[in-house]
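Chemist: all I have is the shape, not the residue letters:
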């Protein structure tokens, strides 16, 4: 008998890698935060003596979900101004609220609210872009959640920095602080082609290459973005990024709702990643990313919720459902984006985009034990013919019962173990009272 | 002091009629199953002595949701065969399973499973189309849920009837049995233009007119349906229905994903209703109903989930979200289908389509007390700036705590009071074991 930390017996285990595999009545062994292996439960009971055992006899165990595009702290602006045209929403509500209210305390409280929501929904890792990335990183490390924090870069001054040089130097300090951290990774996050000029983008490219980190950027979100760029520069934003050398395996281009056929072919050859945010794109009437075509061309496509001000949730199970439904609709093919494929987008593809494909995203021996367990025995998910289909098309995030990150049990029978939910809610209500006074 | 049955104090009450109204710290008074009125809580406490009082101090109270298109018993086939092209899904899986398994017991067990799911998600009324409508009606009446059962008519023989004459005569018997029933209403349900020929449709029109009941029918669901009809008959299905006199205020046309501009104008003038089923249309890659245009033209548009075999849930809160997001995307306008408008689609518009607009669908004095209460104080729905926005864009159906139909408390702090959930689950698992043996 081998002595290990944790043994989890599950009704179904879907490792995501290999593709389409569903293990029944198997167990997953964890030691020192990492996955040792998956084997039939009867064999597992003979081979291991575990410090902790969990019987998840009505549950599906999957890799923790990877939310590949968030502005976590914006939970505090959730639903502040819905059902408005994009420009009015941004110019008259979101940007004024941000410039009035965003500070370290806002980012701390908003990020923790977001992490509580994400963990309760089975998400173990998120790829963030916001001001004060140091604060978000500290909050994630403190609660034991995996995060890639974006070192934001914008041409104009904000509460976080005055100019591109200061954004980059503050970002580099955050990167240095978390170098080698087991939970926190960084990526440059130049906001968008229309908010960052060529000089800073070239510096970002050189530095990202030197430091071997990613570049997280909104690209081709709206028709308007492209029209304006073509008017001002004569080229489409993606062409400009290509000329600047940014379209490489380091790039995580978010949204990508506007793509010409030759852009799809060119992108596929570059090794760059795409983060698809279907609910945000729909809610803001931006358009849709041609996922089935891109995936067919070989592009790695991850899934993100975007910020809760434009979604309005951080629900990756819901986002998988929307991605599958929208993918079928826009491709005119009911077999496009099947359930297993969207689960892969929401796990391994996300980890790969973040440069964490060797560390997380699938239940593979040697990877961190980042996992979520989902009860499937409720009225809403019975009868059950295929567990991944049930997860994607019928399940609610309230059915997530347990979540582990690097083997640490962060959600235990729906109770958060490292976050104080009452304090988080108390602070959310405080912010609500303050913010409401200034929004018209 | 006036003595009444029930007084409900709520943090927010949204009556749906009048439009866009949100009452804060108000109370709703119920007597003999009907709504007496809504008034400020401090005044309500002075005016009424109630047999039962409920303090919903963290809740939103809304009219019960009306699911305007279901095949309830098909819950037993939930997720049997997903991610397949429509024809393969129907011909190789759904229809064989139905012809092998559908009987009275199937419809009884499947309908009860569906009702448990619907009540737990805030739905108080559903508009069904399936075999053995007598069984569905009996199950609904028995658990106290409101239903409009479809008197199905198809040209070809099934387990329910042999030919159009028998479908109609059995349907009339069901109608007679429930005439005057406070909970159960009937509508004719000729399945679709391509499965019912002119003769039976003309009889349905005459009978529906005599009996003053609705006509519930799948219309223009797919491009294929229209192409085939034009090849066979020379006219589009909607034109044929118009010529047969079926396009009248009695008609509830379900799906309507394929509409030419002149069809939209013509339909708007007819007073006929549309039932929009966005998730089913997306999942089967059928297309989308142009809701914003139709609503702009004055068409009453209700919302339905369709059967759980093609959705795969009966979640009207999720369906509202999808309707809003899809409506914005396809109209290219982020202000299209705002939250209050989709809540109206999911309540009053549904009741109106079913001919129940004077009985339910809004919290209006004199109507039946059909209501749902939703907790909004959880991590997922905080902070909160606008409760209806929160309901549509962030809330999960698990946040529904209480449901009443005609004043009867059918879901009480998430416990069903008239349905035995353990027995329902037991029977669902039994069916699963049987059905799985015959699906390939």
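Modeler: Received it, and whenever you're ready, just let me know what you need. All of these numbers come straight from a predicted model, not from anything done at the bench.
Chemist: residue A:296 and residue B:165: what is the separation?
Modeler: The gap separating residue A:296 from residue B:165 is 51 Å, by Cβ to Cβ, to the nearest Å. For the C-beta atoms, the positions are set from N, CA and C on the backbone; glycine is no exception.
Chemist: can you pull out the low-pLDDT segments for chain A?
Modeler: Across chain A, the ranges flagged by pLDDT under 70 are A:440.
Chemist: and the longest strand for it?
Modeler: strand A:48-63 (DSSP state E).
Chemist: can you list the domains in chain A?
Modeler: When chain A is parsed with automatic domain parsing, its domains come out as A:2-63+A:369-406, A:65-353.
Chemist: can I get those in TSV including distance to residue A:414?
Modeler: Output for those, formatted as TSV (distance: least, Cβ to Cβ, whole Å):
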stretch	distance to residue A:414
domain A:2-63+A:369-406	6
domain A:65-353	7
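Chemist: so residue A:183 sits right up against residue A:149, yeah?
Modeler: No: under the criterion of Cβ atoms under 8 Å, residue A:183 lies out of contact with residue A:149, with a separation of 10.6 Å.
Chemist: which residues do the two both contact?
Modeler: Here residue A:183 and residue A:149 share the contacting residues residue A:140, scored by Cβ atoms under 8 Å, 6 or more residues apart in numbering or on different chains.
Chemist: more neighbours: which of the two?
Modeler: residue A:149 (32 against 19; other Cβ atoms under 10 Å in any protein chain shown).
Chemist: am I right that that one is in a strand?
Modeler: Yes: following the definition DSSP: H, G, I helix; E, B strand; the rest coil, residue A:149 is counted among the residues of a strand.
Chemist: tell me how far the nearest residue to it once chain neighbours are set aside lies from residue A:64.
Modeler: Once its chain neighbours are removed from consideration, residue A:149 has its nearest residue in residue A:133; the separation is 4.1 Å (Cβ to Cβ, 6 or more residues apart in numbering or on different chains). In this view, residue A:133 and residue A:64 are 21 Å apart by Cβ to Cβ.
Chemist: the two: which has the busier surroundings?
Modeler: Here residue A:133 and residue A:64 are set side by side on neighbour count (other Cβ under 10 Å), and the busier one is residue A:64, at 31 against 28.
Chemist: does the more buried one touch residue A:350 like I think?
Modeler: No: using Cβ under 8 Å as the test, residue A:64 is too far from residue A:350 to be in contact (9.9 Å).
Chemist: now do the shared contacts for these two.
Modeler: If you check residue A:64 and residue A:350 against Cβ under 8 Å, 6+ apart, the residues they both contact are residue A:125.
Chemist: residues near residue A:178, how many?
Modeler: Residue A:178 sits with 20 neighbouring residues when counted by other Cβ under 10 Å.
Chemist: what residues are up against it?
Modeler: Residues counted as contacts of residue A:178 (Cβ under 8 Å, 6+ apart) are A:137, A:141, A:149, A:184, A:185, A:186.
Chemist: so which of these wins on neighbours?
Modeler: Note: the member of the contacts of residue A:178 with the most neighbours is residue A:149, at 32 neighbours, neighbours being other Cβ under 10 Å.
Chemist: quick one, what contacts residue A:79?
Modeler: A:309, A:312, B:383, B:384, B:385, B:386, B:389, B:390, B:393, B:394.
Chemist: and it, which of the three is it?
Modeler: coil.
Chemist: give me phi/psi at it?
Modeler: Backbone torsions for residue A:79, taken as degrees, to the nearest 10, come to phi 70, psi 20.
Chemist: same deal with residue A:141?
Modeler: Taking degrees, to the nearest 10 as the convention, residue A:141 sits at phi -60, psi -40.
Chemist: before we move on, what about residue A:412?
Modeler: Comment: the main-chain dihedrals of residue A:412 come out as phi -130, psi 110, following degrees, to the nearest 10.
Chemist: once you drop chain neighbours, what's closest to it?
Modeler: Leaving aside its sequence neighbours, residue A:412 sits nearest to residue A:402 (Cβ to Cβ, 6+ apart; 6.1 Å).
Chemist: helix or strand for the one you found, which one?
Modeler: Residue A:402 belongs to strand A:400-405 when assigned by DSSP states H and E.
Chemist: helices and strands around that strand, which ones?
Modeler: strand A:48-63, strand A:123-129, strand A:371-375, strand A:408-412 (3 or more Cβ pairs under 8 Å, 6 or more residues apart in numbering or on different chains; DSSP states H and E).
Chemist: what helix or strand does the spatially most central residue of chain A sit in?
Modeler: Most central in chain A under Cα atoms, centre = their mean is residue A:67, positioned 1.5 Å from the mean C-alpha point. Here residue A:67 is covered by strand A:65-70, with elements defined by DSSP H and E.
Chemist: next, the angle from that strand to strand A:371-375.
Modeler: Between strand A:65-70 and strand A:371-375, the angle comes out at 110 degrees (axes from the mean of the first three to the mean of the last three Cα atoms, to 10 degrees).
Chemist: assign residue A:337 to helix, strand or coil.
Modeler: In three-state terms, and counting by three-state DSSP, residue A:337 is coil.
Chemist: next, it: phi, psi?
Modeler: Backbone dihedrals for residue A:337, given as degrees, to the nearest 10, come out at phi 50, psi 60.
Chemist: hang on, it packs against residue A:329?
Modeler: No: contact between residue A:337 and residue A:329 fails when scored by Cβ under 8 Å: they sit 10.0 Å apart.
Chemist: quick one on the thing from earlier: what's the closest of the helices and strands packed on strand A:400-405 to residue A:268?
Modeler: Go through those one by one with Cβ to Cβ and the one that ends up closest to residue A:268 is strand A:123-129, at 21.4 Å.
Chemist: can you tell me the residue of the stretch 1-150 of chain A closest to chain B?
Modeler: Using Cβ to the nearest Cβ, the single residue of the stretch 1-150 of chain A nearest to chain B is residue A:83, 3.7 Å away.
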